[in-house]
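Enquirer: Provide a 3D model corresponding to the input given below.
(one chain, ligands or ions: 2)
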Amino acid sequence: MKKVAIAGLGTIGLVVAKRLDAGIEGLKLVAVSSGNREKAEAKLAELSSPVPMVSNETLATLADIIVDCAPTKAFDTVAESALKAGRTLVTVSGAAILKNPGIVDVARAHGGRIVLATGALLGLDAVRAAAEGNIHSIRMRTAKPPKSLVTAEYVVKNGIDLSGLTEPLKLFSGTAREGAMAFPANVNVAAALGLAGVGADRTELEIWADPALERNTHTITVDADSASFELRIQNIPTDENPGTGRITALSVIAAIKAQVAPLHVGT
Ligand SMILES: NC(=O)C1=CN([C@@H]2O[C@H](COP(=O)(O)OP(=O)(O)OC[C@H]3O[C@@H](n4cnc5c(N)ncnc54)[C@H](O)[C@@H]3O)[C@@H](O)[C@H]2O)C=CC1
Ligand SMILES: O=C([O-])CC(=O)C(=O)O
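Expert: Numbers count the residues shown, from 1 in each chain. Ligands and ions are numbered 1, 2, ... in the order given. Alright, predicted model coming up:
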């Protein structure tokens, strides 16, 4: 039985906590951390087997697998304490890994592992396989309904008004690295695509606000010497945080199950 701790009981973290609480073979929830004690305590009360709320640093002393579901700004604390203790860190904060690439060396030095789950994207298995050969080009187009982008730091800072949009508006065009820095909570998936393939500097990205859309839509186009492919995912926004698609928490659950499963499917 592997012990699991969750950092952040928000849109993603609560779904993961509830699933663990309902029972996953080989995994047991033992602790959580939170940015808001009062709110988190109310959520913990919904679990049939309540667990303690501890600091981000303490999670690694209690669990084998630390699941990072906290905002990007908390990543360094959660990740460093987990990896220095030689634990497995499961995260969807690809943008945070790009911001702190040294975290991979921390894992290496202490026998820890970082599992960056696919999150709201698809196709990272094929991209990783193609990267074992030669990828000529890799592009991603993210288009989201305005409600999914209104709180994005870039949109707020630049005073971009998305309320009256009548046609798609291109908010960003550049590399996945630049995009992930400008929109850290909205294109973690672009960071993951860069890390899976040819790097975030060679991965091209466009971000659009599209009033005709109901779903957070990512399209990736890859041309490689082994295959070419175009893949699209249309994520249903969560009610709590429309920038986060429903599938993200499910991807995290699948990623933690993979840590103990006797059969591993996919690259
Ligand atoms: N790769 C992917 O596909 C996706 C990645 N994400 C990333 O996942 C993370 C979580 O996303 P959501 O659950 O939608 O966010 P959320 O805002 O709904 O939840 C975050 C939770 O973390 C808590 N928190 C705040 N500061 C904290 C701290 N210092 N330590 C521990 N917990 C803290 C908050 O109280 C909140 O409950 C974000 O970093 C986001 O960018 C989100 C969606 C998709
Ligand atoms: O990339 C992200 O961080 C979130 C996202 O686009 C989605 O949920 O569709």
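
Enquirer: Within range of ligand 1, give me the residues from this structure.
Expert: 7-13, 33-36, 56, 69-72, 74, 92-94, 119-120, 185, 188-189, 192, 240-241, 244, 248 (CB under 6 Å from any ligand atom). Where C-beta positions appear, they are placed from N, C-alpha and C, glycine not excepted.

Enquirer: List buried residues within those residues.
Expert: 7-13, 33-34, 56, 69-70, 72, 74, 92-94, 119-120, 185, 188-189, 192, 244, 248 (16 or more other CB atoms under 10 Å).

Enquirer: show me the contacts for residue 107.
Expert: Listed by CB atoms under 8 Å, 6 or more residues apart in numbering, the contact set of residue 107 reads 83, 89, 113-114.

Enquirer: With only the CA atoms kept, save the strand or helix carrying it in CSV.
Expert: Applying DSSP states H and E as the criterion places residue 107 in helix 103-110. Taking C-alpha atoms only, helix 103-110 is exported to CSV below (Å, rounded to 0.1, in the frame of the first residue of the first chain):
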residue,chain,number,x,y,z
ILE,A,103,14.0,20.7,-9.9
VAL,A,104,14.9,17.7,-12.2
ASP,A,105,18.4,17.8,-10.7
VAL,A,106,16.9,17.8,-7.2
ALA,A,107,15.0,14.6,-8.1
ARG,A,108,18.1,13.0,-9.6
ALA,A,109,20.3,13.9,-6.6
HIS,A,110,17.8,12.5,-4.0
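
Enquirer: What pairs with the helix or strand just after that helix, parallel or antiparallel?
Expert: Heading C-terminal from helix 103-110, the first helix or strand you meet, by DSSP H and E, is strand 113-116. The strands beside strand 113-116 in its sheet (DSSP bridges) come out as strand 88-91 (parallel).

Enquirer: how about the strand it pairs with, does it reach ligand 2?
Expert: No. Between strand 88-91 and ligand 2, judged by CB under 6 Å from any ligand atom, nothing touches; the nearest distance is 11.6 Å.

Enquirer: Name the surrounding residues that touch that strand.
Expert: With CB under 8 Å, 6+ apart, strand 88-91 has contacts from 64-68, 75, 78-79, 82-83, 97, 107, 112-117, 252, 255-256, 259.

Enquirer: nearest residue to the residue of the chain found nearest ligand 1 other than its sequence neighbours?
Expert: Nearest residue of the chain to ligand 1, counting by CB to the nearest ligand atom: residue 10, 1.8 Å away. Once flanking residues are discounted, residue 10 sits nearest to residue 69: 6.4 Å by CB to CB, 6 or more residues apart in numbering.

Enquirer: chain center to the helix holding residue 107, what's the gap?
Expert: In terms of CA atoms, centre = their mean, to the nearest Å, the centre of helix 103-110 is set 20 Å apart from its chain centre.

Enquirer: what's the model's confidence in it, averaged?
Expert: The average pLDDT within helix 103-110 is 98.

Enquirer: list the buried ones in it?
Expert: So, applying 16+ other CB under 10 Å, buried residues of helix 103-110: 103, 106-107.

Enquirer: Would you list the buried entries among the contacts of residue 107?
Expert: Among the contacts of residue 107, those classed as buried by 16+ other CB under 10 Å are 83, 89, 114.

Enquirer: Identify the bridge partners of the second one.
Expert: When bridges are assigned using DSSP bridges, the partners listed for residue 89 are residue 66, residue 114.
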